[in-house]
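Peer 1: What follows is a protein structure lacking sequence information:
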């Protein structure tokens, strides 16, 4: 192994998604809505979308000849977006739901509470919060017996979690992952 030093990047700048020419308008509308974002630049077949101070976080490329996604081939599994806190995550869920964007899967992984969606091409998107701020605590969880037994997590109902949050249930109880015993990767919805 080489001893050459490679400086790590400071952040992930953006993700570019290839789509079909036919799906391009749907993908643009979806990502603007999903992210509460805006178009920072667009030319025929290419659109840059941002939701923060970066010039673009998502780029959509309408590739002539592109074929629909096959979910069983290798490639990107999902893109994950972090919310500031549980209330913001659930408020975003409710806003998306009101706009007709329903989640495909809601799961408490343990180190995160996550709500997944699918875009018009079938790409998976995760919205999440970290449940702990101490990296040592997270590392202890993901190397522990319970996580090895169930690396997937425990499904939850976001409306139920919203109601508990609104009724004043303590944060630690809201994000605590139940121990349901073994659960394998074969139970993850594709």
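Peer 2: Thanks, I have the structure now. Quick caveat: nothing in here was measured; it's all calculated off a predicted structure.

Peer 1: Tell me the secondary structure at the most centrally placed residue in the chain.
Peer 2: The centre of the chain sits closest to residue 126, judged by Cα atoms, centre = their mean, with a distance of 1.3 Å. Using DSSP: H, G, I helix; E, B strand; the rest coil as the criterion, the local structure at residue 126 reads strand.

Peer 1: Could you report the distance from it to residue 100?
Peer 2: Separation of residue 126 from residue 100 (Cβ to Cβ, to the nearest Å): 19 Å. For glycine as for every other residue, the C-beta is placed from the backbone atoms N, C-alpha and C.

Peer 1: now swap in residue 154 and tell me
Peer 2: 27 Å.

Peer 1: And those two? Which one has more around it.
Peer 2: residue 154 (17 against 7; other Cβ atoms under 10 Å).

Peer 1: residues in contact with that one?
Peer 2: 107-108, 177-178, 180, 183 (Cβ atoms under 8 Å, 6 or more residues apart in numbering).

Peer 1: repeat that with 10 Å
Peer 2: Residues in contact with residue 154 (Cβ atoms under 10 Å, 6 or more residues apart in numbering) are 106-110, 113, 176-180, 183.

Peer 1: Equivalent analysis for residue 114, please.
Peer 2: Counted by Cβ under 10 Å, 6+ apart, residue 114 has contacts 78, 80, 89, 103, 105-108, 126-129, 153, 156.

Peer 1: start to end distance for stretch 70-83?
Peer 2: 29 Å (Cα to Cα, to the nearest Å).

Peer 1: Show me what the mean pLDDT comes to for it.
Peer 2: Across stretch 70-83, the average pLDDT comes to 92.
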